[in-house]
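Participant: sequence and computational prediction follow.
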Amino acid sequence: MLIVEPPTALAGSRGLSDIGTVRAQAARIGPNTIIQLAHVLRDRYGDFMASTLLFESTGYAMTALPGAMVDEREAQAFVRTVMRQLGERPGAAVLHEAGRRTADYLMANRIPRPAQWVMKALPARAGLSLLLKAMRANAWTFAGSGAFSVHTHARGADLTFHACAMCRDMHSDGPVCDFYAGTFEHLIRTLVAPRAEVVEVECQAQGGHCCRFEVTGIR
Ligand SMILES: [Zn+2]
Ligand SMILES: [Zn+2]
């Protein structure tokens, strides 16, 4: 997410021809969903569990995690496997933590320091507008084939994914796109408003027509 490399990083479908698979060029997303999710699993459940779930869903090894944009279907498969193996609530908690760590990675490596200083210095509402503008501009790094949109209003903002890439083909009782919720919430709390909350109030996996996150506590 919020990766600022040029879109040429999207070109090509590296690896697909190597395994002899013929399929349409896949949408790609940044590797943090896979990297951070693997690390949280390892820290909470041990290396064996993390390695097994990672390999069975994506073919990656813990010692050779992806370093560039990945086929979004790899991330989807990993997320589905984690939710199925751990159960919805523990799985969502792991995804949320992976999102939080992704936000830390982005602030340490991808979001320019001067931009972070400005977001922190501005009044919260203006800082949020600036952060959301940057998120929209970089949506190609995290939305995959989904469509990301932002709607700001008096109480905060609504962040929406249509055809959300994170929960594609999933069916659940509760909302499951906690990777996004965790990333957005930690970015907004750190850069804009410490008491901000990001809650997924509608989820495609529950039968919603989109995944929608409410941002509140902006002051
Ligand atoms: Zn979703
Ligand atoms: Zn969702």
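Facilitator: In hand now; what should we look at? Ligands and ions are numbered 1, 2, ... in the order given.

Participant: mind listing what's buried in the helix or strand that contains Gly127?
Facilitator: Using DSSP states H and E, Gly127 sits within helix 124-137. By neighbour count with 16 or more other CB atoms under 10 Å, helix 124-137 contains the buried residues Ala124, Gly127, Leu128, Ser129, Leu131, Leu132, Ala134, Met135. Every residue, glycine included, has its C-beta placed from N, CA and C.

Participant: mean confidence score for it?
Facilitator: Averaged across helix 124-137, pLDDT comes to 96.

Participant: which residues touch that helix?
Facilitator: With contacts defined as CB atoms under 8 Å, 6 or more residues apart in numbering, helix 124-137 is touched by 1-2, 111, 115, 118-122, 148-150, 152, 156-157, 159, 184, 187-188, 191-193, 215, 218-219.

Participant: check contacts around Val94.
Facilitator: Leu37, Val40, Leu41, Arg44, Val82, Leu86.

Participant: right, and the second one touches Glu97 too?
Facilitator: In this case it means Val40. Yes. Contact criterion CB atoms under 8 Å: Val40 and Glu97 qualify, at 4.8 Å.

Participant: give me the average confidence score over the host helix or strand of Gly99.
Facilitator: Using DSSP H and E, Gly99 sits in helix 88-109. In this model, helix 88-109 has an average pLDDT of 97.

Participant: do the same with stretch 179-191
Facilitator: 98.

Participant: next: stretch 203-219.
Facilitator: pLDDT averaged over stretch 203-219 gives 96.

Participant: quick one: it near ligand 2?
Facilitator: Yes. Using CB under 5 Å from the ion, stretch 203-219 comes into contact with ligand 2 via Cys203, Cys211.

Participant: what comes up buried for that stretch?
Facilitator: Residues Cys203, Gln204, Ala205, Gln206, Cys211, Arg212, Phe213, Glu214, Val215, Gly217, Ile218 are the ones in stretch 203-219 that count as buried (16+ other CB under 10 Å).

Participant: and what of stretch 66-75?
Facilitator: Pro66, Met69, Val70, Asp71, Glu72, Arg73, Glu74, Ala75.

Participant: what segments of the chain are strands?
Facilitator: 28-29, 70-71, 147-153, 156-162, 197-202, 211-216 (DSSP state E).

Participant: which one of the ones you listed lies closest to ligand 1?
Facilitator: Closest approach to ligand 1 among these (CB to the ion): strand 211-216, 3.4 Å.

Participant: and the protein, which residues reach ligand 1?
Facilitator: Residues of the chain lying close to ligand 1 (CB under 5 Å from the ion) are Cys164, Met166, Cys167, Cys177, Cys211.

Participant: and the buried ones among the residues you listed, selectable in ChimeraX?
Facilitator: Of the residues of the chain next to ligand 1, the buried ones can be selected in ChimeraX as follows, counting by 16+ other CB under 10 Å:
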select :164,166,167,177,211
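
Participant: would you check which pair of the residues of the chain next to ligand 1 lies furthest apart?
Facilitator: For the residues of the chain next to ligand 1, the maximum inter-member distance is 7.3 Å, found between Met166 and Cys211 (CB to CB).

Participant: residues contacting the residue nearest in space to the middle of the chain?
Facilitator: By CA atoms, centre = their mean, the mean C-alpha position of the chain lies nearest to Tyr180, the distance being 4.1 Å. For Tyr180, the contact set (CB under 8 Å, 6+ apart) comprises Gly99, Phe142, Leu159, Phe161, Met166, Glu200, Cys211, Phe213.
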